[in-house]
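Trainee: coordinates only, sequence not included:
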């Protein structure tokens, strides 16, 4: 008899996704999970971001490594819950880089 897979509910509030235009493509980057995807339109990039996040979480659950992976990426788990809090976004700034290589 096949065993039933246990489903978990995973909810993330306010997960930051950055969108950039790269030529004719739209790139979506999820800093808190270090995930990147893209689409031909902004709407497609949004859908792809949802999909890559879902796939990432599903694979971590399948492998039994979700807690370990999120902790290693700076996420904090609320005590006595399955709720995870992503690292806080502090600031963004432009840097000038001058190198001699």
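Mentor: That came through fine. The structure displayed is predicted, hence computed values, not measured ones.
Trainee: Which residue lies nearest the spatial centre of the chain?
Mentor: In the chain, the centroid-proximal residue (CA atoms, centre = their mean) is residue 33; its distance is 3.5 Å.
Trainee: Now for that residue: which residues touch it?
Mentor: By CB atoms under 8 Å, 6 or more residues apart in numbering, the contact set of residue 33 is 15, 53, 56, 73. Any C-beta I mention is one placed from the backbone N, CA and C, and that applies to glycine too.
Trainee: And the contacts of the host helix or strand of the second one?
Mentor: Just to be clear, that refers to residue 53. Here residue 53 sits within helix 42-63, counting by DSSP states H and E. Residues outside helix 42-63 that contact it (CB under 8 Å, 6+ apart): 8, 10, 15, 17, 19, 25-28, 30, 33, 35-39, 66, 69-70.
Trainee: From the residues you listed, list the buried ones, please.
Mentor: 17, 26, 27, 28, 30, 33, 35, 37, 38, 39, 66, 70 (16 or more other CB atoms under 10 Å).
Trainee: out of everything not next to it in sequence, what's closest to the fourth one?
Mentor: It stands for residue 28. Spatial nearest neighbour of residue 28, chain neighbours left out: residue 49 (3.9 Å); criterion: CB to CB, 6 or more residues apart in numbering.
Trainee: I appreciate the help and will end here.
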